[in-house]
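Q: Any chance you could fold what I've pasted below:
(chains A, B, C and D)
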Protein chains: 2
Amino acid sequence: MPEGKAEYLKGTLDLLILKIVALGPNHGYAIAQRLQQISKDFFQVHQGSLYPALHRLEDRGLLEAEWKDTETGRDAKFYTLTRKGRKHLDAEVVNWERLSEAVALVLRTVE
Amino acid sequence: MPEGKAEYLKGTLDLLILKIVALGPNHGYAIAQRLQQISKDFFQVHQGSLYPALHRLEDRGLLEAEWKDTETGRDAKFYTLTRKGRKHLDAEVVNWERLSEAVALVLRTVE
DNA sequence: GGTCTATATGTCGATACGCTAGGTATCGCT
DNA sequence: AGCGATACCTAGCGTATCGACATATAGACC
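A: Below you'll find the predicted structure:
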């Protein structure tokens, strides 16, 4: 129920994360920030959604993780898109386009 | 995992059902058929998803049910959109537009 | 030195949704 | 009599997201 806050990631989270990582290797916290920023605050990924999602994607071999220092000298886990992840991302993008087109078809129906 | 079949209703099912019923009162089985037809076979609502969704919407006061005869003389439960359901549908449409616009924003990012 | 905020990662339990797989019954066709 | 399509339903499973919590460090401010 969208009481109060109305953000719902309806299964698009994996797609969005993969896309952000495709822009360049990044760590979880920064991925969430970029997502929020690019989407003009529409997407606010909570930590309880973010980290399990990243682990899921890593387990499936779509992302690779490596501990590195950030610019501020702190440790963070940087994720990189694997070849498999790139393929999956491309497929998911097509999938999303088909889905949104199908929804648009239904919503446009007036008869 | 979308192996084999790739249909996924990711939380849009309520929206789609409300929209179909908004076209005119209808019963469950026919709603699923119209949805499949309008979406050019993209959406194939399984009965295990369909009926619980209808009950959910009825419980929330967004749909009203009434047993009536179909043209073929058989009983079927016809659903009608309530005033509350109409409001909810309108809000959900706006919500969907915002969501798909936000996803598009992310997917369009190239930098 | 102590406190606070932002950064950064993680887990746990609850909740909700869609799917698979079953079940019931009626109608029309062959 | 048998079959497929119509029409309704439930139970159990997997899984994704959320809310709340836990942990730790760096920098700023007093």
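
Q: what pairs with A:F78 across the strands?
A: Judged by DSSP bridges, the bridge partners of A:F78 are A:H27, A:E66.

Q: Now do the strands in chain A.
A: Assigned by DSSP state E, chain A shows strands spanning A:26-27, A:63-69, A:75-81.

Q: Chain A: helices as residue ranges?
A: A:13-22, A:28-38, A:47-59, A:83-108 (DSSP state H).

Q: so of the ones you listed, which one's packed in deepest?
A: Most buried of the helices of chain A, by mean neighbour count (mean count of other Cβ atoms under 10 Å in any protein chain shown): helix A:13-22, with a mean of 22. Any C-beta I mention is one placed from the backbone N, CA and C, and that applies to glycine too.

Q: residues contacting A:V93?
A: A:L15, A:K19, B:L107 (Cβ atoms under 8 Å, 6 or more residues apart in numbering or on different chains).

Q: So which of these is the closest to DNA strand D?
A: Nearest to DNA strand D, judged by Cβ to the nearest atom of the strand, of the contacts of A:V93 is A:L15 at 8.7 Å.

Q: okay but that closest one is in contact with A:L89, surely?
A: Yes. A:L15 lies in contact with A:L89 (Cβ atoms under 8 Å); the separation is 7.2 Å.

Q: what does chain A have sitting close to chain B?
A: Applying Cβ under 8 Å from any Cβ of the partner chain, we find that chain A lies next to chain B at A:2, A:6, A:8, A:10-12, A:15-16, A:19-20, A:23, A:35, A:38-40, A:42-43, A:93, A:95-96, A:98-100, A:102-103, A:105-107, A:109, A:111.

Q: and those near DNA strand D, which?
A: A:Y8, A:K10, A:G11, A:T12 (Cβ under 7 Å from any atom of the strand).

Q: Please check those residues and keep the buried ones.
A: Those of these that meet the buried threshold are A:T12, by 16 or more other Cβ atoms under 10 Å in any protein chain shown.

Q: B:T82: which of the ones next to DNA strand D among the residues of chain A next to chain B is nearest?
A: Nearest to B:T82 out of these is A:Y8 (Cβ to Cβ; 22.7 Å).
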